[in-house]
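Q: Structure here, sequence nowhere to be found:
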């Protein structure tokens with residue numbers, strides 16, 4: 001016994017050293033540690049436990065096997081026993097797990113294809129994502145994509161939204177504002193989703209997202225217009241880069257009227273060149289794109305007395321017209337607010353229908369979450385309601401692929417955004433720069449016919 005302990009003593013000294021080495025490796029270079037140690041162990045776990053996991057999640061199917069239960073009957077009995085005794089011999093059904101493809105490594109997880117048995121669809125796996133995440137001991141599992149008869153799952157081992165930085169370089173009309181829960185960049189792309197609705201309560205991260213957008217858009221050759229119905233307290237720090245800033249409803253009405261006139265001019269230009277949008281115009285004839293931020297949109301629809309009714313209706317109508325026609329003519333909207341509900345009037349619902357991009361941070365009332373995401377996916381609505389208060393910047397967003405994701409924006413302070421506005425103030429176009437060639441504006445009748 002003493003000799004055995006003496007022989008094991010060196011092993012006891014090596015194990016703590018190896019454990020310390022692995023911990024250091026994981027801390028200094030987590031990516032290589034994951035590929036060298038974490039991924040092989042996790043892949044082995046997926047393969048070894050897949051049969052039990054599929055059965056527990058209700059994803060396995062019943063297959064009839066040529067398996068006979070003899071219940072103690074010998075081969076001689078099969079020949080000599082009567083027919084009644086042979087009825088004790090029966091075929092049984094066994095669980096068969098769906099086929100797995102290769103488990104391929106990713107930077108923060110892995111992905112794999114699963115072959116769908118007859119009768120199964122990707123929705124069967126969408127309903128079991130939480131179950132698979134717990135079984136595989138990972139942070140989350142998502143349905144990445146599917147083909148006929150196959151579905152691809154992506155597992156994220158660690159939460160990529162704990163610490164977020166925008167690692168993708170911004171491009172024209174595209175701003176990388178953070179990361180998605182799949183560890184992919186979260187890019188707000190105005191070329192694919194031209195208008196956005198961003199909601200969130202105080203301290204939820206809505207202002208941080210606006211700051212990141214200002215920093216990303218300020219260096220680009222475009223016009224930024226602000227409508228801050230909180231008296232200008234939110235957007236005034238960026239006034240050096242703004243072509244116009246409206247701080248009340250009357251000023252906003254004037255700005256919207258000028259934009260409507262500009263859209264009419266751009267319509268005439270496109271008509272004269274026989275093209276459908278400004279991006280098909282010759283390069284020297286393309287007008288300056290315009291991105292308009294509207295903060296606290298609820299203030300636009302609230303009225304103290306009936307005398308404001310006509311002004312509200314006119315302003316809301318112009319905003320909806322811009323949302324309806326702006327994409328083709330290079331005018332984009334970012335509508336923000338702490339509260340957006342159907343109780344504000346039918347104009348809000350009509351405006352919401354034109355805003356294809358949705359971002360919902362933590363909100364104080366379920367109606368705002370329902371207004372932002374309720375017409376997209378019930379699962380997205382449930383996810384938004386569960387956003388904790390201690391995670392500012394976390395939001396549920398809609399992607400260009402039609403699905404929803406959890407995402408978190410990079411933290412950008414007001415001082416950083418203000419500095420970007422000052423740095424790129426020389427790029428601010430005037431109203432004269434925005435106005436295109438001197439073309440006679442089309443009439444309201446032609447405008448309405450074009451809109452129809």
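A: On my side now, so go ahead. None of these values were measured; they are calculated from a predicted model. Numbering: from 1, shown residues only.
Q: hey, let's count contacts and neighbours off CA atoms from now on
A: OK.
Q: Would you mind giving the domain segments of the chain?
A: As recorded under automatic domain parsing, the domains making up the chain are 2-60+97-156, 174-451.
Q: for those, which one sits closest to residue 165?
A: domain 174-451 (5.2 Å; CA to CA).
Q: which one of the domains of the chain has the most crowded surroundings?
A: domain 174-451 (a mean of 19; mean count of other CA atoms under 10 Å).
Q: what mean pLDDT does that one have?
A: In this model, domain 174-451 carries a mean pLDDT of 85.
Q: Can you lay out the domains of the chain as TSV showing distance to residue 163?
A: Supplementary listing: those in TSV, determined by distance: least, CA to CA, whole Å:
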stretch	distance to residue 163
domain 2-60+97-156	13
domain 174-451	8
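Q: Which of those sits closest to residue 162?
A: The nearest among these, by CA to CA, is domain 174-451 at 8.7 Å.
Q: Run through the bridge partners of the residue nearest to the spatial centre of the chain.
A: For the chain, residue 397 is the residue whose C-alpha lies nearest the centre (CA atoms, centre = their mean; 3.5 Å). Beta bridges link residue 397 to residue 359, residue 405 when assigned by DSSP bridges.
Q: doesn't residue 359 make contact with it?
A: Yes: judged on CA atoms under 8 Å, residue 397 makes contact with residue 359 at a distance of 4.6 Å.
Q: SS state for residue 162?
A: Three-state assignment for residue 162 (DSSP: H, G, I helix; E, B strand; the rest coil): coil.
Q: Next, find the distance separating residue 264 from residue 270.
A: As judged by CA to CA, to the nearest Å, residue 264 and residue 270 stand 10 Å apart.
Q: cool, and residue 262?
A: Applying CA to CA to residue 262 and residue 270 gives a distance of 12 Å.
Q: cool, and residue 112?
A: The value you get for residue 112 to residue 270, if CA to CA is used, is 47 Å.
Q: Tell me which helix or strand residue 381 sits in.
A: helix 378-385 (DSSP states H and E).
Q: which phi and psi does the closest residue to residue 160 other than its chain neighbours have?
A: Leaving aside its sequence neighbours, residue 160 sits nearest to residue 183 (CA to CA, 6 or more residues apart in numbering; 5.7 Å). Per-residue torsions, residue 183: phi 70, psi 10 (degrees, to the nearest 10).
Q: now residue 219
A: Torsion angles at residue 219 (phi, psi; degrees, to the nearest 10) stand at phi -80, psi 0.
Q: show me what contacts it?
A: Residues in contact with residue 219 (CA atoms under 8 Å, 6 or more residues apart in numbering) are 420, 424, 427.
Q: Which of those residues fall within strands?
A: Among the contacts of residue 219, DSSP state E puts none in strands.
Q: Which ones among those residues lie within helices?
A: residue 420 (DSSP state H).
Q: Among the contacts of residue 219, which one sits closest to residue 285?
A: residue 427 (18.8 Å).
Q: show me what contacts that closest one?
A: 218, 219, 220, 221, 241.
Q: Can you give me the distance of the spatially closest residue to residue 399 that is not a sequence neighbour to residue 382?
A: The shortest distance from residue 399 to any non-neighbouring residue, by CA to CA, 6+ apart, is to residue 405 (7.2 Å). Here the criterion is CA to CA. By it, residue 405 lies 12 Å from residue 382.
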